[in-house]
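Q: Okay, here's the prediction I keep looking at, along with the sequence it came from:
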Amino acid sequence: MAVHKIIDDFCDDSFTLVALHSSMEDFAMVYTINSCLKSKFKRSSEDLDLSKNLSFPIFEWKDDSTESYWTLINNKSEYREQSIGHDLFENERSFSKRYLLPEYKEVDYLLKIEHDDYTLEEETLKKLLKIPKIITAYILDADQLKSKNNLIF
């Protein structure tokens, strides 16, 4: 019987991951980025579901002029927890936050750019930093991520 192994380097490393800090809602973030970068992000028909209670909306755009594929995803997901027990707060809603990249809890959004042109990431970062509602933006080293598998979508 043949044994098949999945090598550790399974996912494609030719992408740039940009961390964005902003208090904007995801639809406002997409509108702002579309306006400033002249992009055409659209909400994907399917969310990224990591588990039953954990999903992240995906916004994507294929740029034919640079042959790149862009994905914007919220790093935080809130879900309603089931209240178990009979106590003073049994009728109160309880929400819990989960993160796509738990090691970067302070990051609000992740912009994944799959491309071959590395001048594209510098230009994009400069344009993103000029947006007033984006507090800061910087490139993350994807090789150093503990939860890199969450970025395979």
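A: Here it is on my side, so go on. Computed from a prediction, not measured in an experiment: that's the story for all the values here.

Q: Tell me what the residue nearest to the spatial centre of the chain is bridged to.
A: With distances taken as CA atoms, centre = their mean, the residue of the chain nearest its centroid is I73 (2.9 Å). Here I73 sits in beta bridges with I58, L110, going by DSSP bridges.

Q: My understanding was that it contacts S55; is that so?
A: No. I73 sits out of contact with S55 when judged by CB atoms under 8 Å, with a separation of 10.6 Å. Glycine gets a C-beta too; all of them are placed from N, C-alpha and C.

Q: sorry, back to before: I'd like the distance between the residue nearest to the centre of the chain and E25.
A: Between I73 and E25 the computed distance is 14 Å (CB to CB, to the nearest Å).

Q: what's the answer for N53, then?
A: As defined by CB to CB, N53 lies at a distance of 21 Å from E25.

Q: And stretch 32-45, what's buried?
A: Along stretch 32-45, the positions that meet the burial threshold by neighbour count (16 or more other CB atoms under 10 Å) are T32, I33, N34, L37, S39, F41.

Q: Wait, a helix at the fifth one?
A: In other words, S39. No. The assignment for S39, made by DSSP: H, G, I helix; E, B strand; the rest coil, is coil rather than a helix.
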